[in-house]
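Participant: what follows is a protein structure lacking sequence information:
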């Protein structure tokens, strides 16, 4: 229970949330820069309409304020695990398409992939601190996509990066909520009530 939570655990949770907020902010800035470079290098229109990316839960949520801390963490973790798989796939496709011709974009994709992996690990640490088991990764990632044309791959990549930027904003917001003492109590209560 959070009421019996030790002061050191509360400090650790706040520290993890603060670091997570900084990580999310840095990741969002890097994704926005990558998105600009991606659009330019892929010859896309920045305002192009892109369908939702299969396998990634949308960052926008109805009744966001009604979610418990655990729900927020679990949704974030599922999303970042999916992004990790999608970015790895984008990086592989980028290498197949351009080889070593465009190492700048490849390095930027790899850097964001590393940030996404680190953030997923950070979320796992928060779940452990909340005494919540970490869900397995089976089924968390997006299903393998059908073979897409080059243009469809570019559009999917644009959609992935746009949604990742939105998730970075949501993650910072979720972590701010989790850092509040009242939500930490809600999270502990929901964990105690879980089967």
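Facilitator: On my side now, so go ahead. Small disclaimer: the values here were computed from a predicted structure and weren't measured.

Participant: quick one: pLDDT of the residue positioned nearest the centre of the chain?
Facilitator: Nearest to the mean C-alpha position of the chain, by Cα atoms, centre = their mean, lies residue 80 at 3.3 Å. As predicted, residue 80 sits at a pLDDT of 96.

Participant: equivalent analysis for the one 5 residues further on, please.
Facilitator: The pLDDT attached to residue 85 in the predicted structure is 94.

Participant: can you tell me the element it falls in?
Facilitator: helix 69-98 (DSSP states H and E).

Participant: report the distance from that helix to the chain centre.
Facilitator: Distance, stretch centre to chain centre, for helix 69-98: 7 Å (Cα atoms, centre = their mean, to the nearest Å).

Participant: what average pLDDT does whichever helix or strand comes after it get?
Facilitator: Note on helix 69-98: by DSSP H and E, the next helix or strand toward the C-terminus is helix 103-129. Averaging pLDDT along helix 103-129 yields 93.

Participant: elements contacting helix 103-129?
Facilitator: helix 7-42, helix 69-98, helix 150-179 (3 or more Cβ pairs under 8 Å, 6 or more residues apart in numbering; DSSP states H and E). Yep, even glycine has a C-beta here, placed from its N, CA and C like the rest.

Participant: CSV for those, including distance to residue 54?
Facilitator: Supplementary listing: those in CSV, determined by distance: least, Cβ to Cβ, whole Å:
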stretch, distance to residue 54
helix 7-42, 19
helix 69-98, 9
helix 150-179, 9
